[in-house]
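In: With the sequence up front, the predicted model follows.
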Amino acid sequence: MLNFIARRLVNMFFLLIVVSFVGFWIIQLPPGSILDVQIQRLRMQGGNLPESMIQALRDRYGVDDPFYIQYWKWISRSLQGDFGTSFETDQKVAERIYNRLGISFGLSLTALLFTWLVAIPIGVYSATHRYTWPDYIITFVQFLGLSIPGFLLALVLLIMASRLWDQPIGGLFSPQYADAPWSLAKLWDFIRHVWIAVVVLAIGATAGLTRVMRANLLDVLNMQYIQTARAKGLKESTVIWKHAVRNAIHPLVMSLGTLLPALVVGETLIAIILSLPTIGPLYLDALRSQDMYLAGTILVMLSALLLIGNLIADLLLAWVDPRVRLE
Amino acid sequence: MATAAGELPKVAKGKKQEDVGQIPQWKLMVRRFSQSKLSVGALIVLGIMYVIMILSDFIAPYPHDVLDSNNSFAPPTQIVWGPEGPGIYGLKQELDMERFQWIYTPDPSVIYPIRFFVQGHEYYFLGLFPSRLHLFGVEAPPEANARIFLWGADKEGRDLFSRVLKGSQISLTLGFFGVFLFVVIGSIVGTASGYFGGALDNLIQRLIELIRSFPDLPLYMALAAAVPLDTPITVRYFLITVVIAVVGWTGLAREVRGKVLAFRNADYTAAAIAAGASHWHVITHHLLPNAMSHIVVVGMLAIPGAIGLETALSFLGLGILPPAVSWGILLRDAQTVQAVVTYPWLLIPVLLLIITVLAFNLLGDGVRDAVDPYA
């Protein structure tokens, strides 16, 4: 087992190097740089920058360097924890990301927990009660959940929340709590602001997972060992949960790896609608304004998250399923 | 249609035992498919949508991009019955100084008739034949503010109905072509990887592993952002299609490779090779047909995702850009609570998007069941 983990870690390390190189290459693909944008903005405001000053700025940001030198500068500093400076606000990239990372993670993990707690029981119920009315209703709702874009759901919930329940809309806190120290009242205010995001994030993922859970369980329920388990007189709940579900849960565990980064960025649209300060909108802004160090760092960070998520998923799988351990 | 769909399952159930081994496979597939009424319904809905899309320039009463400050946020037009058949009232525009919104009051003194098959703005039918014929239009003097907005108007006074029709030309096709492209790439690469094996297989698998190390949406966003802003719309359309395909093919290629690996060692493949069949013959006659049903299903199920992806990218300002129209661009107007509550008709593109994606999901589900009709 340790051998397996060590091999995976080494593999991951090399993969991350290539990923960071390719990722950075994609990010710097569009012609021009944020510097051009900013110089143009300054000119529009009437300030005519002297050539020497432009040149100084270009040198400082290393805009004219060839791509591999830019990459080397960025990656070598990144390894020391310095991800460079965001062009747009002159803040440290690390600072801009960390500010939002906590909220992104909090939202995503809550949504993930919510998803699993809802998806597994519903999927199991839907599979064990196949072709009954509740199953048809669940199936229909699933398709609806898969087809309705998350941001529309967010919009509808926002309207309902603001109209019916007099809820605050958008942002993380009400103005009076924004700078206040944490207290129970502030926590409550926070929950009232973010529950819509959690629900919307969870609904899309839940619809997909319930469907997978149902299909897998249906396959497993046809297996002979299920028949055997029933024939030897086990309780139906034991048959379902211990013999069937445990064998059907594979893909759910495996999807964990992709779910993590998907949830972190999947909220981009939703966060824009709900004006939540999370990673998604930051990444979008960075891409659109060609803030390459910021965008590159986020892309590579998310890839690392995906790889780590996959590793965790594999370890979990080995824990759930002894057969995987033997291979 | 309804009666035919209703009777089919009975016939199929009774006859299944007798003739299942005698009729051609495609007939079995059609029979199996038509048993799923939801899927048949989805197919009909999609058929209608695509026909409307093809005829969209003819159906749309106005150009999609003509600004009209007299009709900013004009609500859907009320249709009345006049002496000459259906018609509409002219609109009076007033500014509500308190809420700072335009208010429109119909002027019932004159009814402007709606005419069918009228001459209007020029367009190219199917992009080929110049025409001025439109399905319907309002006969009104230019000074009267009488335009027909079936689904209301947006902020610049552009007819939402015409814009939705125009947008469907991109939204209904781009995802489709993207999937088509990735199915072709995925099948070819996957087959090559599984059939030839060795260094080529290793290289392809490492490439797939690399692409899959990036999370989907951020990679799509980064690639779409790499398309320069000043690219002409046709080139941009093509490049966004490529972006969808570049990431999407990896999963299919892996699955096709697995299938090919399995069938490559089958006896009939060995027999074909021993009999001197070329690689091309073995691949096209013995390997691909076995993987075909799987490829079709993966492709069908990927279409709704691709359509949603195009919409999301355009919504984020990374996909199709104005002045071109896609549903994603129309959705940008509907992103605040304020706008949606005041001008609810801005949500119509969202409804159409949901119907499309839902229909494709149901269709894909039916196809998945149908490709294996012996089960």
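Out: Perfect, thanks for sending it.

In: Confirm B:G157 sits in a strand?
Out: No - read with DSSP: H, G, I helix; E, B strand; the rest coil, B:G157 is coil and lies in no strand.

In: Identify the residues contacting it.
Out: Residues near B:G157 by C-beta atoms under 8 Å, 6 or more residues apart in numbering or on different chains: B:67-74. Yep, even glycine has a C-beta here, placed from its N, CA and C like the rest.

In: how about a markdown table for those residues, with distance to B:A291 and pLDDT added?
Out: A markdown table is the format used below for the contacts of B:G157 (distance: C-beta to C-beta, whole Å; pLDDT from 0 to 100):
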| residue | distance to B:A291 | pLDDT |
| --- | --- | --- |
| B:L67 | 52 | 79 |
| B:D68 | 54 | 77 |
| B:S69 | 57 | 76 |
| B:N70 | 59 | 77 |
| B:N71 | 54 | 77 |
| B:S72 | 54 | 78 |
| B:F73 | 52 | 80 |
| B:A74 | 53 | 79 |
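
In: Give the other helices and strands that the top helix by length along chain B contacts.
Out: Longest helix in chain B, counting residues (DSSP state H): helix B:160-196. Here helix B:160-196 touches helix B:37-54, helix B:56-59, helix B:198-212, helix B:233-264, helix B:288-315, helix B:327-331, helix B:348-370, going by 3 or more C-beta pairs under 8 Å, 6 or more residues apart in numbering or on different chains; DSSP states H and E.

In: buried residues in the fourth one?
Out: Residues B:236-237, B:239-257, B:259-261, B:263-264 are the ones in helix B:233-264 that count as buried (16 or more other C-beta atoms under 10 Å in any protein chain shown).

In: Now a ChimeraX select for only the buried ones of the contacts of B:G157.
Out: With 16+ other C-beta under 10 Å as the burial test, the buried ones among the contacts of B:G157 are selected in ChimeraX as follows:
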select /B:68,71,72,73,74
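
In: for the contacts of B:G157, which one is nearest A:L315?
Out: Nearest to A:L315 among the contacts of B:G157 is B:F73, at 55.3 Å by C-beta to C-beta.

In: Any regions of the stretch 51-200 of chain A where pLDDT drops low?
Out: A:57, A:60-64, A:81-91, A:164-172, A:174-180 (pLDDT under 70).

In: How about the backbone phi and psi for B:P63?
Out: In terms of degrees, to the nearest 10, the main-chain angles of B:P63 are phi -60, psi 150.

In: How about B:P61, nearest residue that isn't a chain neighbour?
Out: B:G137 (5.2 Å; C-beta to C-beta, 6 or more residues apart in numbering or on different chains).

In: per-residue confidence for the one you found?
Out: On pLDDT, B:G137 comes in at 81.

In: who does B:D159 bridge with?
Out: Assessed by DSSP bridges, B:D159 has beta-bridge partners B:A153.

In: so who does it touch?
Out: B:60-62, B:64, B:147-151, B:153.

In: Residue 305: how many residues sit nearby?
Out: In the absence of a named chain, this looks at chain A. If you count neighbours by other C-beta atoms under 10 Å in any protein chain shown, A:L305 ends up with 20.

In: wrong one, I was asking about chain B
Out: 19.

In: Any figure for the gap between it and A:L2?
Out: Separation of B:G305 from A:L2 (C-beta to C-beta, to the nearest Å): 39 Å.

In: Now for residue 80, how many residues are close by?
Out: Going with chain A. 7.

In: sorry, should have said chain B
Out: The burial count for B:V80: 14, using other C-beta under 10 Å.

In: which element is it on?
Out: Assessed by DSSP states H and E, B:V80 sits inside strand B:79-82.

In: I'd like to know which elements that strand is packed against.
Out: Strand B:79-82 packs on strand B:85-96, strand B:101-125, going by 3+ C-beta pairs under 8 Å, 6+ apart.

In: contacting residues around residue 114?
Out: Since no chain was named, I'll use chain A. Contacts of A:F114 by C-beta under 8 Å, 6+ apart are A:198-199, A:202, A:206.

In: that answer is for a different chain, and I need it for chain B
Out: Neighbours of B:I114 in contact, by C-beta under 8 Å, 6+ apart: B:79, B:85-88, B:136-139, B:148.

In: next one: B:V243
Out: B:178, B:220, B:223-224, B:227.

In: Out of those, which comes closest to A:L259?
Out: Among the contacts of B:V243, and counting by C-beta to C-beta, the member closest to A:L259 is B:Y220, at 17.0 Å.

In: got the contact list for B:I188?
Out: With C-beta under 8 Å, 6+ apart, B:I188 has no contacts at all.

In: Would you quantify the distance from it to B:R257?
Out: For B:I188, the distance to B:R257 - C-beta to C-beta - is 11 Å.
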